[in-house]
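J.: Predicted model, plus sequence, below.
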Amino acid sequence: MRTSLTLSFATAAALLAAGAAYAQPTESARPEPRGATTRAEVEQRTAERFGRMDANKDGLLNDADREAARRETFDAIDTDKDGTISFAEFDARREQRGEARTERRDAGEGGFGRRGGRGGAGMARNADADKDGTVTQAEFAAAALARFDQADADRDGTISVEERREARQHKRHDRRRDARDAG
């Protein structure tokens with residue numbers, strides 16, 4: 001009896017220790033926090049993102065670009081090019097996206113507007129200042145720089161890690177308040 005009780009405690013302790021060791025993030029799994037971001041860097045990344053989103057290169061983000069992006073995504077998933085997406089193709093795409101996400105995380109990559117994985121699309125929707133369903137590069141840049149200015153609490157042209165953290169907390173608080181008010 002005593003031996004089985006001792007063995008049970010030893011097994012439980014070993015399992016707890018193994019679980020704790022497994023739960024500890026490794027150095028490679030913990031990306032370095034992004035450092036300070038300057039206004040010029042935001043302008044450059046915004047121009048690059050707009051260029052990637054403007055599929056037909058007409059200087060506007062609109063339904064034609066969204067359709068082209070959806071078509072490109074469909075074509076990438078439809079690997080056998082039969083015009084349909086099988087479950088195997090769908091599942092393979094999910095695995096590829098997971099692997100790519102892991103590679104970006106391990107490389108410490110991220111970017112302005114990347115949280116939540118929506119970045120550009122949400123930015124474009126919110127950038128349509130005149131609400132005409134089309135976003136110009138000027139509207140896109142103005143929206144990004146307005147967010148930058150809002151986060152740049154000390155107005156020095158750079159968002160520090162602390163300012164970014166504070167802006168994120170304010171955004172989280174605002175979303176909770178909006179959800180509470182809507183419900």
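T.: Yep, it's here. Since the model is a prediction, treat every value here as computed from it, not as a measurement.

J.: Return the distance of stretch 38-51 from the chain's centre.
T.: Computed by CA atoms, centre = their mean, to the nearest Å, the chain-centroid distance of stretch 38-51 equals 16 Å.

J.: In it, which residues are buried?
T.: R39, V42, R45, T46, R49, F50 (16 or more other CB atoms under 10 Å). C-beta: built from backbone N, CA, C; applies to glycine.

J.: now stretch 126-146
T.: Buried, per 16+ other CB under 10 Å, within stretch 126-146: A127, D128, T134, V135, T136, Q137, E139, F140, A141, A143, A144.

J.: Residues contacting that stretch, please?
T.: Stretch 126-146 is contacted from outside by 39, 42-43, 46-47, 49-50, 54, 59-63, 112-113, 123-124, using CB atoms under 8 Å, 6 or more residues apart in numbering.

J.: repeat that with 7 Å
T.: With contacts defined as CB atoms under 7 Å, 6 or more residues apart in numbering, stretch 126-146 is touched by R39, V42, E43, T46, F50, G59, L60, L61, N62, M123, A124.

J.: Against which helices or strands is the helix or strand encompassing the third one packed?
T.: If I follow you right, that is E43. Under the criterion of DSSP states H and E, E43 resides in helix 39-53. The contact analysis (3 or more CB pairs under 7 Å, 6 or more residues apart in numbering; DSSP states H and E) places helix 39-53 against helix 119-127, helix 137-151.

J.: which secondary structure elements does the helix or strand where T73 lies contact?
T.: For T73, the enclosing helix or strand under DSSP H and E is helix 63-77. If you count contacts as 3+ CB pairs under 7 Å, 6+ apart, helix 63-77 packs onto helix 87-106.

J.: List the buried residues for the helix it packs on?
T.: By neighbour count with 16+ other CB under 10 Å, helix 87-106 contains the buried residues R93.

J.: Could you check how far that helix is from the centre of its chain?
T.: Its chain's C-alpha centre and that of helix 87-106 lie 15 Å apart, by CA atoms, centre = their mean.

J.: What is that helix packed up against?
T.: Counting contacts by 3+ CB pairs under 7 Å, 6+ apart, helix 87-106 packs against helix 63-77.

J.: Quick check: mean pLDDT of the helix it packs on?
T.: Mean pLDDT, helix 63-77: 92.
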